[in-house]
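Asker: need a 3D model of the sequence below.
(2 chains)
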Amino acid sequence: MTTTERNTGDSGVVALTARDFKGAVDPDWCPGCGDFGVLNSLQRAVAGLGLQPHEILAVSGIGCSSNLPGYFNSYGMHTLHGRALAVATGAKLANHELTVVVTGGDGDGYGIGGNHFTHTARRNIDLTYIVMNNQIYGLTTGQISPTSRDGMKTKSTPFGSVEMPVNPITSAIMNGATFVARGYSGDVRHLTDLMTKAIEHKGFALVDVFSPCVTFNLDNTHNFFKDRVVKLEDEEHNTGDWKLACEKAMEWGETIYTGIFFQAPESVSLGRREPVLDEGGPLAFRELGLSEDQANNIIRRMM
Amino acid sequence: MASNKYDLAMGIGGEAGQGIATPGDILARIFVRRCLHLYTYNAYQSIIRGGHIFLTVRVSDQEIFSHGDKLDLLLCLNQDTMDRHLNLMGPGSRVIYNGDNITPGDVNDGVHMCPLPVADLSESRNRLVQNTIAVGAIMSLMGVDFEVLEESLSLRFQRQGQNVIDENVRVARAGFDYASENFVPYYDTLPDGGKPLAVWAGNDAIAMGGAAAGVKFYCAYPMSPSSGILHWMAANARNLGIMVRQVEDEIGVANMAIGAAHTGVRAMCGTSGGGFALMTEAVGAAGMMEIPVVFIDVQRAGTSTGVPTKNDQGDLWQVLGASQGDFERFIVAPTSALDCFNTMPELFNLVDKVQCPAIVLSDLLIGEGRFSVDPDDINMHPHIDRAGLITEPAPSNGYMRYENTESGVSPRALPGVPGYVHVVATDEHDENSVLISDEFTNPLKRRMMVEKRARKFQDIVKEIAPPEIEGPADADVTLLGWGSTEGVIREARQLLAEQGVTANQLAIKWIVPFHVDEVTDIVTRSKKVFIVENNHSGQFYRYMRSETGLSVDGHIRKYDGEPFMPHHIAAGVKELLAGSTEVFVPDQEVIV
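Answerer: Alright, predicted model coming up:
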């Protein structure tokens, strides 16, 4: 059994459209939620790449946005709060031919899962990590998140937050991520393009997405973003320059940049550095048990 | 004092960094090559340099199951060792030490003091040379031919080159000759039982058992005393095609193993109690998503950071209570290194069949102890049964990952296989994986799914061999233990028999599922039942009582960080029979 067969047009595999990646049930997100645009973009991206549902594993944690695998037609894992990257790493190493996409929110990824975010980035495992960043905890009815702005008033900060937010873009770059991008769910065409490039990237790819929570975050709304977002490619940004990328990522005023901030020119993913995966296909489909030689060598070393 | 029976325990003591492991390793290999049985226990501390390390190496021409009750030979690498242990040395024992800088205190009658003039013998400034001189002397006292030691030293220092080999052989020879001329040997000759044995630690055995069972993914965060599993796996990963990862924390470890297991490999991960605490949420996640994965807890003395290098059976209730809600999981406590090995293939077949997590409860004693094993007893090609795992494509067929079947076990297809696309979820879900936790909450479906999962375990106990009573059926006393105490209880029974008390034993390995009927039957038929366990509160007793309603006649518990010695248990049995106490706690004779 192989999972590498791609929809190349002459393989006899029927070409799929974004609609074919619609899941079994409709999203239960609030009307107007930014996450719809993210789901829509992901469906378009994988269809555009010619992927089949069985070739993809969508892994999420817990939160509104982490319900995405249920609304997306592929293999999926809806795991624990904050643990999606760890689960996805294990899954990808066990079957490195799967296209593994991790989805979740800012609390899930940058808060409770922060440790995994750091280490998954530096491992450079070939995952695409899409974070629906709404700067708020929505499913728990509105408390500050790790990306909430200084001074933000929420149920847990009625007098305004006195903590500084994390910057996902500079964090990811500092942690060694080899593809770091930011999108806006109000611009599906641009977001689809970013996701496509992130999936094609060989290594850890972060796509942080402004995905407004229309119910609990009255600061970072569609109105807030739509007049501020500026595409980096429109300014001919050099994606190989990580220092410049960090400068652009710190910009948070009348201009807020989206696009690819940084892409390491030569990324070698964890899977490609690990000789165990060199030959024999995915570990998951290899024969179990030891050969006579392997068994004898183990015993010999104990004598 | 030449004897027909060859059974000797030696203690090697010094501080961390003095190279105690090297003579220990050399000695161990010499003995097992001659088919002598070996049981070692290393008492050490969480320190890289200094402290007091005490390695007990017991060898015998008979099978042995503990590090024994007494020392026949003491090698002092520093003054501290002499001061701590000399008073425990009895008539006929030998005490070897560097006579240049170590002075004995009060010596018991009949102890042979064997000072070595290390400076004269070595003509070297290398501190570690005293170890090799001492090994030479020990070999002489134990009746080993020098050629055997020479061969062993050559192998040991092979990688460091001929000069190092020559230097070690030279000083070993000096120590050997000096001892032959000046000391009375303990044994005249080293017996040769014929076929060589092998040496392993319980941690090696767990790793090997996993590899033999087809494990292709292992991950861990370093933690004593479980790191030996990680080290074995890392060393063998590339030869055996196993993905081995050191992860940022145990939360990541557990979840990574789950991800790998879901994708289709046999996966396991290891830690000790504190790390397992971080894994607990993931154990339940594997239960809810119905993913077969194995968690290993090599117990050490808690609570909290506790005593990282000391032994305890204190994690039973932690693993019993790991994760919220009701869910199905195996809990098994292997009784020896060989049992560690044999448990793994059986356990992987079970978790594949039932699609649930499992927890292995080992401990420092068997995890880090090194033991001889007959290589013919190690089945490197065990039966592997993946229980109908779906790995071949199928046309769209209305597949439901969590189909409500009679057995409770639903068909499991691997991600990547065309025709079976599905989502697994830690939220409660319907048969077809749609979440029923949020929008589609439904009491009937929730009940159905809880019962479906529970049915998987309904009859599973019947597929696992029940514990059996060992020893005379009409014994005065039944000693009931679990996990690693099996061996020392066996030797305590021999000791008791010599003292006129007949004892049999019931060694419990499977905690969940628990053989309620068989255990109840045995316990109610026994004259007196005493439970032996390495913890303070009687964790196993309380669990057995909760499962069976049984009570017992007395308890022997040890929770000072050191494992039981046979005489501790024998003394406890006599105290309990005399009725002087209900809970006997032996004193550890020496501070190690």
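Asker: residues touching the residue of the stretch 51-200 of chain A found nearest chain B, list them.
Answerer: When scored by Cβ to the nearest Cβ, the stretch 51-200 of chain A has A:Gly90 as its residue closest to chain B, at 2.9 Å. No exception for glycine: its C-beta is placed from N, CA and C like everyone else's. A:Gly90 sits next to B:217, B:219, B:255-263, B:267 when contact means Cβ atoms under 8 Å, 6 or more residues apart in numbering or on different chains.
Asker: now, which of the residues you listed sits nearest A:Ser156?
Answerer: B:Asn255 (26.7 Å; Cβ to Cβ).
Asker: my read is the residue of the stretch 51-200 of chain A closest to chain B is in a helix, agree?
Answerer: Yes: checked against DSSP: H, G, I helix; E, B strand; the rest coil, A:Gly90 lies within a helix.
Asker: burial count for the nearest residue to it once chain neighbours are set aside?
Answerer: Nearest residue to A:Gly90, sequence neighbours excluded (Cβ to Cβ, 6 or more residues apart in numbering or on different chains): B:Gly259, at 2.9 Å. Neighbours of B:Gly259 under the rule other Cβ atoms under 10 Å in any protein chain shown: 32.
Asker: now B:Arg401
Answerer: Neighbours of B:Arg401 using other Cβ under 10 Å come to 20.
Asker: please tell me how far the closest residue to it other than its chain neighbours sits from B:His52.
Answerer: Distances taken as Cβ to Cβ, 6+ apart place B:His422 nearest to B:Arg401, at 4.1 Å, with adjacent residues excluded. Taking Cβ to Cβ, to the nearest Å as the measure, B:His422 falls 57 Å from B:His52.
Asker: now do B:Gly367
Answerer: 21 Å.
Asker: so between those two, which is more surrounded?
Answerer: More crowded of B:Gly367 and B:His52, by other Cβ under 10 Å: B:Gly367, with 30 against 20.
Asker: so who does that one touch?
Answerer: With Cβ under 8 Å, 6+ apart, B:Gly367 has these contacts: B:201-203, B:206, B:225-226, B:228-229, B:298.
Asker: element containing it?
Answerer: Taking DSSP states H and E as the criterion, B:Gly367 maps to helix B:364-368.
Asker: now that helix - C-alpha only, CSV.
Answerer: Only the C-alpha atoms of helix B:364-368 are listed here, as CSV (Å, rounded to 0.1, in the frame of the first residue of the first chain):
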residue,chain,number,x,y,z
LEU,B,364,14.4,0.7,40.1
LEU,B,365,15.3,-2.7,41.6
ILE,B,366,14.6,-4.6,38.4
GLY,B,367,15.0,-1.7,36.0
GLU,B,368,18.5,-0.9,36.9
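Asker: okay, the contacts of B:Gly367 in JSON lines with secondary structure, pLDDT and neighbour count next?
Answerer: What follows is these, written out as JSON lines (DSSP: H, G, I helix; E, B strand; the rest coil; pLDDT from 0 to 100; neighbours: other Cβ atoms under 10 Å in any protein chain shown):
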{"residue": "B:Ala201", "secondary structure": "strand", "pLDDT": "97", "neighbour count": "22"}
{"residue": "B:Gly202", "secondary structure": "helix", "pLDDT": "98", "neighbour count": "29"}
{"residue": "B:Asn203", "secondary structure": "helix", "pLDDT": "98", "neighbour count": "29"}
{"residue": "B:Ile206", "secondary structure": "helix", "pLDDT": "98", "neighbour count": "30"}
{"residue": "B:Pro225", "secondary structure": "coil", "pLDDT": "97", "neighbour count": "27"}
{"residue": "B:Ser226", "secondary structure": "coil", "pLDDT": "98", "neighbour count": "29"}
{"residue": "B:Gly228", "secondary structure": "helix", "pLDDT": "98", "neighbour count": "21"}
{"residue": "B:Ile229", "secondary structure": "helix", "pLDDT": "98", "neighbour count": "29"}
{"residue": "B:Val298", "secondary structure": "strand", "pLDDT": "98", "neighbour count": "31"}
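Asker: specify which member of those is nearest to B:Thr426.
Answerer: B:Ser226 (25.8 Å).
Asker: I'd say the closest one and B:Gly270 touch.
Answerer: Yes: with contact defined as Cβ atoms under 8 Å, B:Ser226 and B:Gly270 form a contacting pair (4.6 Å).
Asker: who touches both of the two?
Answerer: B:220, B:296-298.
Asker: tell me the one among those nearest to chain A.
Answerer: Among those, and counting by Cβ to the nearest Cβ, the member closest to chain A is B:Ala220, at 12.7 Å.
Asker: who are the contact partners of the nearest residue to that closest one once chain neighbours are set aside?
Answerer: Counting by Cβ to Cβ, 6+ apart, B:Leu230 is the residue found nearest to B:Ala220 once chain neighbours are left out, at 4.3 Å. Going by Cβ under 8 Å, 6+ apart, B:Leu230 touches B:218, B:220, B:222, B:244, B:246, B:270.
Asker: now do the SS call for B:Leu230.
Answerer: helix.
Asker: wait, what's in contact with the residue nearest the centre of chain B?
Answerer: The residue lying closest to the centre of chain B (Cα atoms, centre = their mean) is B:Ile366, at 2.2 Å. B:Ile366 is in contact with B:202, B:334-337, B:340, B:483-484, counting by Cβ under 8 Å, 6+ apart.
Asker: and the residue nearest to A:Gly90, what are its phi and psi?
Answerer: Backbone geometry at B:Gly259, expressed as degrees, to the nearest 10, gives phi -60, psi -40.
Asker: B:Val293 pairs with what?
Answerer: B:Pro357 (DSSP bridges).
Asker: count of neighbours near it?
Answerer: Count around B:Val293 with other Cβ under 10 Å applied: 30.
Asker: need the contact list for it.
Answerer: So B:Val293 contacts B:257-258, B:261, B:267-269, B:286, B:351, B:357-358 (Cβ under 8 Å, 6+ apart).
Asker: if you look at those residues, which of them are in strands?
Answerer: B:267-269, B:357-358 (DSSP state E).
Asker: A:Phe21 and chain B, how far apart?
Answerer: A:Phe21 sits 10 Å away from chain B, going by Cβ to the nearest Cβ, to the nearest Å.
Asker: let me know the pLDDT of the nearest residue to that residue once chain neighbours are set aside.
Answerer: Of all residues not flanking A:Phe21 in the chain, A:Gln43 sits nearest, at 4.1 Å (Cβ to Cβ, 6+ apart). Looking at A:Gln43, its pLDDT reads 98.
Asker: with the one 3 residues further on instead?
Answerer: As summarised for this prediction, A:Val46 has a pLDDT of 98.
Asker: A:Ser11 too?
Answerer: 51.
Asker: also the one 4 residues further on?
Answerer: At A:Ala15 the predicted local distance difference test score is 85.
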